[in-house]
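Asks: coords please:
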Amino acid sequence: MIEAFSLYLLIIAQMIAVVATSIHIVLSQRDVPSAVGWMGLVWLTPLIGLVLYWIFGVNRITRKAHRLRPETARHTPLRPEQQAPHQLAGRFPELIALGRVGDQLTQTALAHGNRVQPLINGDQAYPQMLAAIGQAQCSVALSTYIFEADCIGAQFIDALAQAQQRGVAVRVLIDGVGQHYSRPSIAHRLRQRGLQVGIFLTSALPIRNQYLNLRNHRKILVVDGRIGFTGGLNIRSACMLATQPPRPVQDLHFRIEGPVVRGLMEAFALDWTFTTNEQLRGRRWFPSLTAVGDSLARCIADGPDEDFDVIRRLILGALAEARQQVRIITPYFLPDQTLITALNVTALRGIRVQILFPEHNNLRFVQWAATAEAERILNGGCQVFVSPPPFDHTKLMLIDQRWCLFGSANWDPRSLRLNFELNVECYDSAVSHRLNRLFDDKLKTAKALNAAELRGRPLVVKLRDGFARLFSPYF
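Replies: Residues are numbered from 1 along each chain as shown. The predicted structure is shown next:
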């Protein structure tokens, strides 16, 4: 009798847990397919489903962004009078609508007077980053996903430690999963040198897992609040191609000067406060910035909290405003159905759409899923190319020789919905022309994919790729 009563109570408790979890799924999950998937898992396999959902399916990031932002936050507040005439009216009148999309998504205005310099691979970027740290007088803020304890990592550790010894305030933020790319942890080595280190959302498992969610994938370096670096580049020797590393990685980074640097510093300061509870304030971190160049630019912060889905919606706006061509480079090409439709509709309008991703990916399942998606993109009229080794980690979108979007975000659900990312949109013909030349150079060695050839793959290969595509939302 007692055992039967206990079983009865257990069944009731399980049903209450399933119903309560279902309510939470309905009210909190933004993505319908994700909500349906979790709901099915919870109801069909209650014990496993409940455990998995409350461990992996719940977004526990609740950052009071506006309260935590420093007093200099929102680097150029958007005012009603900035709507008409728009800042782009003089130089880029054809892109005013796209500019308004960015205005509304970020509630910030474009910053005038910036200088944007593309840096190819670590060969060009690391020397400039190390030189800037070496010349720092007030502050250094460094945020990265991967910081390896190799020869390049050692150079950065030395530069940061020497800056601190000169009286420079140094803060280093590393992602909780990214820190496990090196053994021993790079955080331990940094702390041995007396540097202040923050670990963003330390993983419960001390392992490297590229598929864990809610990662800080941003790459930010700000020196004295005036010189910024951002893009796709992590800190690792593999990105120094001149040294011929065993597993080389191509990448693209950017040096930025001018008022838009404040946006980089704001993003870092918010992440740092969230991680350590220390608020970075004052002119040491946020000096007054003046015009130094001709680029109009804006930082686009994105994450699963207050800035949810900003970059993806900006991409959709850019595709809608393209008039001549769209060019995309990404290491991980797993667009959702909305992005696929937008790319195909853009091509149907007569716009040349060119997409470039690596022929051999460093993540096997992503490679298979991207190949399956490529067939759908090709059927819609887009052009798809694959680049030969070494692996290309570049993240870049170009519109009409006028506008470019660069930063840390990939074209996959993890970047666009589950991670903390930072991109920069830039309106500058000279910068765009230079980046288009870079794209042209990559196309010279790339291979064009053909829809008929993809359809002619062996059945077992198509099944493998198609099956991998079903799991693309989780890659």
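Asks: isn't residue 248 up against residue 393?
Replies: No: using CB atoms under 8 Å, residue 248 makes no contact with residue 393, being 10.3 Å away. Glycine gets a C-beta too; all of them are placed from N, C-alpha and C.
Asks: overlap in contacts of those two?
Replies: In terms of CB atoms under 8 Å, 6 or more residues apart in numbering, residue 248 and residue 393 are both contacted by the residues residue 239.
Asks: quick one: average pLDDT of the top helix by length along the chain?
Replies: When the chain is parsed with DSSP state H, its longest helix is helix 2-28. The pLDDT scores in helix 2-28 average 79.
Asks: and for stretch 143-162?
Replies: Rounded mean pLDDT across stretch 143-162 is 96.
Asks: where does the stretch 101-250 of the chain dip in pLDDT?
Replies: Along the stretch 101-250 of the chain, the parts satisfying pLDDT under 70 run over 203-213.
Asks: got the contact list for the closest residue in space to residue 253 that isn't next to it in sequence?
Replies: In space, and not counting its chain neighbours, residue 253 is closest to residue 231: 3.6 Å by CB to CB, 6 or more residues apart in numbering. By CB under 8 Å, 6+ apart, the contact set of residue 231 is 119, 125, 219, 251, 252, 253, 254, 395, 406, 407, 408.
Asks: can you give me the strands for the stretch 301-450 of the chain?
Replies: For the stretch 301-450 of the chain, the strands defined by DSSP state E, counting those that start in this stretch cover 325-329, 352-358, 383-387, 391-392, 396-399, 403-407, 421-427, 447-448.
Asks: and the residue nearest to residue 307 when sequence neighbours are not counted, how far is that from residue 421?
Replies: Leaving aside its chain neighbours, residue 307 sits nearest to residue 301 (4.8 Å; criterion: CB to CB, 6+ apart). Using CB to CB, to the nearest Å, we find residue 301 at a distance of 8 Å from residue 421.
Asks: and these two? Which one has more around it.
Replies: Taking other CB atoms under 10 Å, residue 301 and residue 421 do not tie; residue 421 has more neighbours (26 against 23).
Asks: my guess is that one contacts residue 311. True?
Replies: Yes: between residue 421 and residue 311 there is a contact at 6.3 Å, judged by CB under 8 Å.
Asks: intersection of neighbour lists for these two?
Replies: 302, 409, 415.
Asks: let me see the contact set for the residue nearest to residue 390 when sequence neighbours are not counted.
Replies: Nearest non-adjacent residue to residue 390, counting by CB to CB, 6+ apart: residue 248, 3.8 Å away. Contacts for residue 248 (CB under 8 Å, 6+ apart) come out as 238, 239, 241, 389, 390, 391.
Asks: for the last one, name its beta-bridge partners.
Replies: Going back to what we said before, that points to residue 391. residue 249 (DSSP bridges).
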